[in-house]
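> Sequence first, then the predicted structure:
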Amino acid sequence: MRSLPIKNCGISQFIQQFKSAVTRIINKHRHISFQWQKSYFDRVLRDDDELEHARWYIQNNPRNWRRDRNNI
C-alpha cells in the first residue's frame, strides 16, 4: 500500500486530508459509499489518569456498540 500524501498542515487540515484519502481507498476496494462522522473531538490529555481513561474507553467502547441507539 502506498503512503498517504499528507502535507505539512494544522490538525484540522491533517484530519480532513486523512479522512479524504482513507475514504477513497475504502470506496475503491470495498465498492461501498463509506462516510465518516461529520467532525471529531480533540482533547489534550493532561495527566496519566486522563491517558488511562482514554485507553480504557478505546479498548472497551466497541463492546457497547450493539447497545448504542445511534448504531443502525
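Structure's in. What do you need?

> What confidence value was assigned to Leu45?
pLDDT, Leu45: 90.

> likewise Asn71?
Taking Asn71 on its own, its pLDDT is 67.

> for Phe34, same thing?
On the pLDDT scale, Phe34 gets 79.

> and what of the one 4 residues further on?
Looking at Lys38, its pLDDT reads 76.

> Trp65 versus that one, what's the distance?
From Lys38 across to Trp65, the span is 19 Å (CB to CB, to the nearest Å). To be clear about C-beta, it is placed using only N, CA and C from the backbone, and glycine gets the same treatment.

> what do you get for Phe34?
17 Å.

> Of those two, which one has the most company?
Phe34 (12 against 9; other CB atoms under 10 Å).

> Contact partners for that one?
Taking CB atoms under 8 Å, 6 or more residues apart in numbering as the criterion, Phe34 is in contact with 23, 26-27.
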